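Below is the sequence, then the predicted model.
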Amino acid sequence: MLTKTFGSAVQGVNAYTIIIEVVVSAGTGFNVVGLPDNAIKESQQRIEAALKFRGYRMPRTKVVVNMAPADIRKEGAAYDLPIALGILHASQQLNSERLSEYIIMGEMSLDGELRPIKGVLPIAIQARKEGFKGIILPKENAEEAAIVNNLDVIAVGSMQDAIDFFEGRLDITPTTIDTRDLFQHSVNKYSADFADVQGQENIKRALEIAAAGGHNVIMIGPPGAGKTMLAKRLPSILPPLSMQEALETTKIHSVAGKLAGGGLLSTRPFRAPHHTISDVALVGGGSNPQPGEISLSHNGVLFLDELPEFKRTVLEVMRQPLEERRVTISRAKVSIEFPANFMLIASMNPCPCGYYNHPEKECVCGPGVVQKYLNKVSGPLLDRIDLHVEVTPVTFDQMTATRKAETSADIQPRVDKARQVQETRFKDYADIHSNAMMPPQMVKDVCQISEAGRMLLKTAMERLGLSARAYDRILKVARTIADLAGTEEIQIQHLAEAIQYRSLDREGWAG
């Protein structure tokens, strides 16, 4: 007897429906075909043990499981449940005509209990798109799948629950959540706040500009100056996630299995990988390509602390994603694209001892060591970072000041206002939402400057030895400063402030 059940395979951040055909016929053997990996081939042992534990029998005749389409590689143990139900139906131990109405996914233990799986959100989105009535999956994944409306999310704890549901002995109420209500109640709630930071007003100003225009930032200063503390508070002044952004970000985290509590992400991600990270872990990849840290930072912040300590190959692979805002992972049979629209925040000490340019402590590094240390970060990468900010230590008077610092709630409305100006400016461009995303050809039209501003910029470029890319970056930052000030034109003071944020360029710092 031939039985068809339906599962799903995730490639990149998208899912594809898999037809699982099971035939029980005369003969012997258990065969799985259709490009399965070892985890699927081993499913026979798990399924056989679970069936026996629950009082069912594994057919002692020939069982063939075909997973179509055969040109898509299927990976993982999440196909245990649809294969098991297909075997039961094909061997006439399960009587139900509703198997074809649902996408079925779940990894089984030896006693038939179900374990959570990865990539549930894109699977649920695809199930609704293809007109399935619902999705059968482990209880732990129910909230995540329930983000998708107009789809019955049937949460089961074991294979027996699924069997009882299909045979009508168990009535399971579909899991539902009010996504928008849940999202509105938890959106933009952060534990870190700029009110915790005493002093460092110039750094706060730079981060406000970065947040308003979506610019990348590098902070350079001695140990204990507050670089990490400031970086961790940047998401708290970014505009709240829109529902579309939240869905995009949640899909990526779902595929990577990073949704701890399930449900929709309501705050912008902040990722801070250790400097021992590999290039594959940063940009994504593997035999079954998975999103890396830069994709997990999509619509959020990627913080690289102690930038020169990262391997050079790791830093260089970020060049293209910083420009393209996506990562393409190519393999012999497949090419997968992950979104990577993130803000890069980096920090570093000025030298190995950490005290070059310190107002009080003396640097003990030898001649040329400072420049050699800075050279660990390549010029092309540094060129792609819009704001270079020198962080100085906080004085005792600043640390003990009783005056309250500006809170994130005070700063965020200014950032929101500037972002709204940019949304209006770029309303006709689907892929551009902030000044930092402008392509070079658009910069000339949007960032026009006066003759005095042009002469100021010419002088700065000659003295600092800036590249053509740095020229564009300065104009973009100046445009953001003007947006924060609420002016149509880029004035000379806006340009001057933007130029000072290039002070760490090669020829302008530790030269």
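Okay, I see it.

C-alpha from now on. contacts and neighbour counts both.
OK.

How is residue 17 assigned, secondary-structure-wise?
In three-state terms, and counting by DSSP: H, G, I helix; E, B strand; the rest coil, residue 17 is strand.

for residue 471, that is, sorry about that
Applying three-state DSSP: residue 471 is helix.

For the closest residue to it other than its chain neighbours, the count of nearby residues, please.
Nearest non-adjacent residue to residue 471, counting by Cα to Cα, 6 or more residues apart in numbering: residue 461, 7.6 Å away. Neighbour count of residue 461, defined by other Cα atoms under 10 Å: 17.

Skip the chain neighbours and tell me the closest residue to residue 356.
residue 363 (5.0 Å).

where's the residue nearest to residue 471, which helix or strand?
helix 451-464 (DSSP states H and E).

from memory residue 115 sits against residue 81, does it?
No: applying Cα atoms under 8 Å as the test, residue 115 and residue 81 come out as separate, 10.4 Å apart.

For these two, list the residues in contact with both.
106, 107, 108 (Cα atoms under 8 Å, 6 or more residues apart in numbering).

Narrow the residues you listed to just the buried residues.
In the shared contacts of residue 115 and residue 81, burial by neighbour count holds for 106, 107, 108, counting by 16 or more other Cα atoms under 10 Å.

Going by distance to residue 209, which of those residues wins?
Residue 209 has its nearest neighbour among those in residue 106, at 46.3 Å by Cα to Cα.

Distance check, the nearest residue in space to that closest one that is not next to it in sequence against residue 7.
Nearest residue to residue 106, sequence neighbours excluded (Cα to Cα, 6+ apart): residue 78, at 4.5 Å. Per Cα to Cα, to the nearest Å, residue 78 is found 9 Å from residue 7.

buried residues in stretch 171-187?
By 16+ other Cα under 10 Å, the buried positions in stretch 171-187 come out as 175, 176, 177, 179, 183, 187.

for those residues, which one is nearest residue 139?
Among the buried residues of stretch 171-187, residue 175 lies closest to residue 139 (Cα to Cα), at 9.4 Å.

and the nearest residue to residue 58 once chain neighbours are set aside, how many neighbours does it have?
Spatially, and ignoring its direct neighbours in sequence, residue 58 is nearest to residue 48 (5.8 Å; Cα to Cα, 6+ apart). Residue 48 sits with 18 neighbouring residues when counted by other Cα under 10 Å.

what helix or strand does residue 48 sit in?
helix 43-53.

For that helix, give me every contacting residue.
With contact meaning Cα under 8 Å, 6+ apart, helix 43-53 is reached by 30, 57, 58, 77, 80, 84, 108, 109, 110, 111, 112.

Please report the distance of the fifth one from residue 88.
In this case it means residue 80. 12 Å.

Which one of these two is surrounded by more residues?
Shown here are residue 80 and residue 88; by other Cα under 10 Å, residue 80 has more neighbours (27 against 22).

Name the nearest residue to the more buried one, ignoring sequence neighbours.
Excluding the flanking residues, the one nearest residue 80 by Cα to Cα, 6+ apart is residue 107, at 5.3 Å.

Could you do residue 167 as well?
In space, and not counting its chain neighbours, residue 167 is closest to residue 96: 5.8 Å by Cα to Cα, 6+ apart.

Can you report how many residues lie near that neighbour?
With other Cα under 10 Å as criterion, residue 96 counts 14.

list the contacts for it?
Residue 96 sits next to 89, 166, 167 when contact means Cα under 8 Å, 6+ apart.

out of the residues you listed, which one sits closest to residue 303?
Relative to residue 303, the closest of the contacts of residue 96 is residue 166; by Cα to Cα it sits at 48.2 Å.

Can you give me the pLDDT of the closest residue to residue 305 other than its chain neighbours?
For residue 305, ignoring the flanking residues on the chain, the nearest one in space by Cα to Cα, 6+ apart is residue 347 at 5.0 Å. Here the pLDDT value assigned to residue 347 is 94.

again with residue 507
At residue 507, pLDDT is 46.

Next: residue 213.
pLDDT for residue 213: 94.

Phi, psi for it please.
phi -110, psi 0 (degrees, to the nearest 10).

ok, it touching residue 432?
No: look at residue 213 against residue 432 with Cα under 8 Å: they stay out of range, at 11.4 Å.

Give me the buried positions along the helix holding residue 48.
43, 44, 46, 47, 48, 49, 50, 51.

low pLDDT regions in this protein?
For the chain, the stretches flagged by pLDDT under 70 are 182, 185-188, 260-262, 398-400, 402, 503-511.

any idea how far the residue nearest to the spatial centre of it is from residue 438?
Centroid check for the chain by Cα atoms, centre = their mean gives residue 296 as the closest residue, at 2.1 Å. Taking Cα to Cα as the measure, residue 296 falls 23 Å from residue 438.

can you check residue 389 too?
22 Å.

what's near enough to touch the residue nearest to the centre of the chain?
Applying Cα under 8 Å, 6+ apart, we find residue 296 in contact with 249, 252, 253, 269, 271, 340.

Then residue 373?
Residue 373 touches 308, 350, 351, 352, counting by Cα under 8 Å, 6+ apart.

Could you give me the PyMOL syntax to select whichever of the residues you listed are buried?
Per 16+ other Cα under 10 Å, the buried members of these correspond to this PyMOL selection:
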select buried, resi 308+350+351+352
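
The contacts of residue 373 into TSV, with extra columns for distance to residue 14 and secondary structure?
Converted to TSV, the contacts of residue 373 look like this (distance: Cα to Cα, whole Å; DSSP: H, G, I helix; E, B strand; the rest coil):
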residue	distance to residue 14	secondary structure
308	35	helix
350	43	coil
351	44	coil
352	44	coil
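
List the contacts of the nearest residue to residue 143 once chain neighbours are set aside.
Using Cα to Cα, 6+ apart and skipping residues adjacent in sequence, the residue nearest residue 143 is residue 263, 5.2 Å away. Residues near residue 263 by Cα under 8 Å, 6+ apart: 143, 144, 145, 146, 147.

Ok, residue 226 next?
391, 393.

mind listing what residue 376 touches?
Contact analysis of residue 376 by Cα under 8 Å, 6+ apart lists 308, 312.

does it sit in a helix, a strand or a coil?
coil.

picking up where we left off before, keep only those of the buried residues of stretch 171-187 that are in helices.
With DSSP state H as the criterion, helices contain 179, 183 from among the buried residues of stretch 171-187.

Report the two of the buried residues of stretch 171-187 separated the most.
Pairwise distances across the buried residues of stretch 171-187 (Cα to Cα) peak at 21.9 Å, for the pair 175 and 187.

Measure how far stretch 300-315 is from the centre of its chain, please.
16 Å (Cα atoms, centre = their mean, to the nearest Å).

Give me the contacts around it.
228, 231, 234-235, 268-279, 282, 293-294, 341-349, 373-374, 376-377, 381.

what's the answer for stretch 485-498, then?
By Cα under 8 Å, 6+ apart, the surrounding residues in contact with stretch 485-498 are 387, 418, 447-450, 452-453, 456-457, 474-475, 477-479, 481-482.

What about those residues, which are in strands?
Mapping the contacts of stretch 485-498 onto strands (DSSP state E) picks out residue 387.
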